[in-house]
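A.B. asks: here is my input, please return the structure:
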Amino acid sequence: MSETPPAPHAPPPEPDPKTVRPSRRWYWIGGSLLPAALLFTVVVLTLTEWYDVPFWVGLICIVLLVLSVPASLGVVITTYAVRANRISRARAERARVINAPHGYPSPMAPPVGPPVPRTPAIPSADVRPRRRWFLLAPFFPPVLVGVALLLLSLFGMNAFTSTETPGPRSDEVEGYGSTTFVVDSEDLDSLGLYVSPRDAEEVTCSFEESYTLIRFAERPVGHSWDDRRLMYSLEVSSPGEYTMTCQGPSEASYVVAETRTAHEDDRRGATTFLALMAGAGLGVLAMIATVITIGVRRGTYRERMARGA
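C.D. replies: Next up, the predicted model:
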């Protein structure tokens with residue numbers, strides 16, 4: 001009597017994209033990061049019309065806006081990669097069951113080759129690498145930003161920790177008055193008029209000397225010092241003793257100071273911004289690479305265990 005062949009295994013159903021995790025709504029989440037960052041930036045810029053928003057708030061807005069682009073792409077690409085990997089594995093498993101010996105091919109098809117090892121049933125909690133490694137990924141951007149700030153501090157280029165103030169070259173004139181000051185040759189191209197309060201819009205000051213005049217010029221960089229703001233750069237043709245006469249409101253004050261510190265602070269600010277962008281960008285790339293690597297390794301863990309058994 002011939003031996004009855006074992007009953008074929010029923011093939012698993014065709015994978016339904018609607019039930020695959022992560023769900024499709026992560027595409028919407030990733031795509032909404034850039035509009036959300038843009039809306040937040042617009043709201044903050046609108047608030048500056050009524051409130052004195054600190055410099056670091058504007059810097060955070062710019063950082064968030066720039067990072068939202070790679071973050072949005074990272075979420076979308078990671079979601080697509082994980083979903084595609086899981087759908088591909090499900091379809092491969094279905095094809096394996098259908099084409100396995102005594103599986104689900106034509107009844108007349110003879111067994112060919114050794115039995116294909118079945119994927120072991122391993123609980124998700126035992127799959128390697130563990131899920132907790134996903135928690136490591138979000139720490140890459142802040143850690144690399146912290147490293148960038150540390151390096152900036154070590155090299156003295158951190159704009160957030162800079163406490164250097166401009167050196168005054170004249171006495172302060174409050175409201176209506178005048179003062180005399182001396183201009184050295186080293187300060188000819190690096191003098192500016194600082195005005196307090198910062199929101200002062202009109203400057204009624206003049207400079208004179210026996211033979212030459214000091215002229216106002218457009219400020220090369222924006223700079224603030226305590227409650228003072230750099231309003232104008234000063235063009236001085238030659239060293240000497242000059243008189244500054246101001247006619248302003250009683251709450252306003254004016255002082256001439258060197259602008260080398262302003263230029264240095266501007267360089268620090270640009271360097272800090274670029275370093276933050278570089279650290280955050282590398283952090284986002286590292287985060288995306290980590291998530292994709294862990295997702296792929298976890299997704300193929302059962303198949304690797306089956307091949308190694």
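A.B. asks: contacts and neighbour counts: CA atoms only from here.
C.D. replies: Fine.
A.B. asks: sec struct for the closest residue to G269 other than its chain neighbours, please.
C.D. replies: Spatially, and ignoring its direct neighbours in sequence, G269 is nearest to A159 (5.2 Å; C-alpha to C-alpha, 6 or more residues apart in numbering). Following DSSP: H, G, I helix; E, B strand; the rest coil, A159 is assigned to coil.
A.B. asks: wait, what's in contact with A159?
C.D. replies: D265, R268, G269, T272 (C-alpha atoms under 8 Å, 6 or more residues apart in numbering).
A.B. asks: which one of these is nearest S196?
C.D. replies: Nearest to S196 out of the contacts of A159 is D265 (C-alpha to C-alpha; 19.2 Å).
A.B. asks: measure stretch 217-230 end to end?
C.D. replies: In stretch 217-230, first residue to last residue: 12 Å (C-alpha to C-alpha, to the nearest Å).
A.B. asks: and for it, what's in contact with it?
C.D. replies: In contact with stretch 217-230 (C-alpha under 8 Å, 6+ apart) are residues 165-166, 192-198, 231-235, 262-263, 265-266.
A.B. asks: what residues of the strand or helix carrying V291 count as buried?
C.D. replies: Using DSSP states H and E, V291 sits in helix 260-299. Judged by neighbour count (16 or more other C-alpha atoms under 10 Å), helix 260-299 contains these buried residues: 260-263, 265-269, 271-273, 275-288, 290-299.
A.B. asks: in the protein, mark out all the helices, start to finish.
C.D. replies: 25-47, 55-99, 140-154, 260-299, 301-308 (DSSP state H).
A.B. asks: dump those into CSV; add mean pLDDT as well.
C.D. replies: Shown next, in CSV, are those (pLDDT from 0 to 100):
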stretch, mean pLDDT
helix 25-47, 87
helix 55-99, 80
helix 140-154, 89
helix 260-299, 85
helix 301-308, 74
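A.B. asks: nearest to S250, out of those helices?
C.D. replies: Nearest of these (C-alpha to C-alpha): helix 260-299, 26.5 Å.
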